[in-house]
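K.L.:
just a sequence and a predicted model for now, questions to come.
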Amino acid sequence: MPELPEVETVRAGLAKWVSGRTVASVEVRHPRAVRRHVAGADDLVSRLVGARLGDAARRGKYLWLALDGRDEALIGHLGMSGQLLVQPADLPDEKHLHVRMSFTDGGRELRFVDQRTFGGVMLDPLVPTVDHPSQFVPAQVAHIARDPIDPLFDDDLFSRRLRKRDSAIKRALLDQSLISGVGNIYADESLWRALLHGERPARLLKSATVTELLGHVRAVLNEALAAGGTSFDSLYVNVNGESGYFDRVLAAYGREGEPCMRCGTPIRRSSFMNRSSFWCPSCQRPPRLRRS
DNA sequence: TATTTAACCTGGACGC
DNA sequence: TGCGTCCAGGTTAAAT
């Protein structure tokens, strides 16, 4: 599942293979893949053809390529199963190929492939960021907080905002407007490392505990980034179609019934927000007062 | 206003 | 073999 390390791996691939190239043609094969481009597929195509793609940027799980000389960017979001692939034009179409983009140099195509179509691509105007107005992000990304490996991420601000939340810590970690880039997998891994149960109320955490947790979040993300991301079912791949291998070192996520790597207690799975949480009942003690 | 829930979607796993 | 059901989860509109 694409979280920050996976999206960053894809961004680096786009910077290498796509930035600086001029769009020759765009084929939208599935309208749902461009549903967030409100002006429609035809508008997306007409505005992209002839545009030169600039630097590849990312915030949280969103990535985008600014269009040279224009105040707008091509946004991509991978959702849960999206892939942005750079493929030879003569390679057969993928089963779930939804958008194909060719370039004037006649080189490899950019393809958006998505089994579950939660992701998509769109064009969006660039707007100044609230905290650093000299920086620009697409308008649809403006509400997304910086991610913890962003040099401009404000640790103190995050701690203050987190400890005002009247919700559980895991729910807060998944709130992209508070901290971006963390999904279900890395939230569970970070909480396991920090010895924190995900149902612990955020507002009762001490500042030092939040600082320690943030350190674990950063460590997990950086380790996953170095490994090229996580892969469980081949749904996540980089632009060349290769999978990461961070899943080999996951300590909690997906390990229900297996011994905790720290204490040997079987990892437990519990229902959380229509998905699952994995945690050690010995290392990560649930709060005494469960939320109703 | 702040927080929580449900819906979106497809294919693999599983039980019968 | 075939059918039905469950599950995975990022985002956001709708509900509370």
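P.N.:
Cool, the structure landed.
K.L.:
could you give the mean pLDDT of stretch A:72-88?
P.N.:
For stretch A:72-88, mean pLDDT rounds to 90.
K.L.:
buried sites along that stretch?
P.N.:
A:72-79, A:81-87 (16 or more other Cβ atoms under 10 Å). Using the backbone N, CA and C atoms, a C-beta is placed for each residue, glycine as well.
K.L.:
list the contacts of the residue nearest to A:E189 when sequence neighbours are not counted.
P.N.:
Computed as Cβ to Cβ, 6 or more residues apart in numbering, the closest residue to A:E189 that is not its neighbour in sequence is A:V220, at 4.8 Å. Under the criterion of Cβ atoms under 8 Å, 6 or more residues apart in numbering, the contact list for A:V220 reads A:186, A:189-190, A:193.
K.L.:
so which of these comes closest to A:V45?
P.N.:
A:Y186 (35.5 Å; Cβ to Cβ).
K.L.:
DNA strand B versus the closest one, what's the distance?
P.N.:
Distance, A:Y186 to DNA strand B, using Cβ to the nearest atom of the strand, to the nearest Å: 19 Å.
K.L.:
do whichever helix or strand that residue is part of and DNA strand C meet at all?
P.N.:
Element membership for A:Y186 (DSSP states H and E) is helix A:184-193. Yes. Using Cβ under 7 Å from any atom of the strand, helix A:184-193 reaches DNA strand C at A:184-185.
K.L.:
quick revisit: tell me the secondary structure of the residue nearest to A:E189, please.
P.N.:
helix (DSSP: H, G, I helix; E, B strand; the rest coil).
K.L.:
just to revisit the earlier point, from the buried residues of stretch A:72-88, which are also near DNA strand C?
P.N.:
Among those, the ones lying near DNA strand C by Cβ under 7 Å from any atom of the strand are A:77, A:79, A:81.
K.L.:
for the first one, which non-adjacent residue is closest in space?
P.N.:
The spatially closest residue to A:H77, leaving aside those adjacent along the chain, is A:G119, at 4.9 Å (Cβ to Cβ, 6+ apart).
K.L.:
give me the number of residues near the one you found?
P.N.:
Other residues lying near A:G119 total 24 when counted by other Cβ atoms under 10 Å.
K.L.:
likewise A:E223?
P.N.:
A:E223 has 14 nearby residues by other Cβ under 10 Å.
K.L.:
now do the SS call for it.
P.N.:
Recorded secondary structure, A:E223: helix (three-state DSSP).
K.L.:
correct me, but it touches A:L250?
P.N.:
No. At 10.5 Å, A:E223 does not count as touching A:L250 under the criterion of Cβ atoms under 8 Å.
K.L.:
what secondary structure does A:R203 sit in?
P.N.:
helix.
K.L.:
could you measure it against A:R32, distance?
P.N.:
39 Å (Cβ to Cβ, to the nearest Å).
K.L.:
same check on A:F153?
P.N.:
Distance from A:F153 to A:R32, by Cβ to Cβ: 33 Å.
K.L.:
and these two? Which one has more around it.
P.N.:
Between A:F153 and A:R32, A:F153 has the larger neighbour count (other Cβ under 10 Å), namely 18 against 13.
K.L.:
got a markdown table for the contacts of A:V220, with distance to A:R11 and neighbour count too?
P.N.:
Converted to a markdown table, the contacts of A:V220 look like this (distance: Cβ to Cβ, whole Å; neighbours: other Cβ atoms under 10 Å):
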| residue | distance to A:R11 | neighbour count |
| --- | --- | --- |
| A:Y186 | 17 | 26 |
| A:E189 | 21 | 26 |
| A:S190 | 22 | 26 |
| A:R193 | 25 | 19 |
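K.L.:
now A:M80: closest residue in space, sequence neighbours ignored.
P.N.:
A:F118 (4.8 Å).
K.L.:
name the residue of chain A that lies nearest to DNA strand C.
P.N.:
Using Cβ to the nearest atom of the strand, the single residue of chain A nearest to DNA strand C is A:G183, 3.0 Å away.
K.L.:
where exactly do the strands run in chain A?
P.N.:
A:23-28, A:53-59, A:62-67, A:72-77, A:82-87, A:97-103, A:109-114, A:120-128, A:136-138, A:268-272, A:275-279 (DSSP state E).
K.L.:
residues in contact with the third one?
P.N.:
So that's strand A:62-67. So strand A:62-67 is contacted by A:7, A:10-11, A:14, A:18-19, A:51-58, A:72-77, A:123-124, A:126, A:136-138, A:140-141, A:144 (Cβ under 8 Å, 6+ apart).
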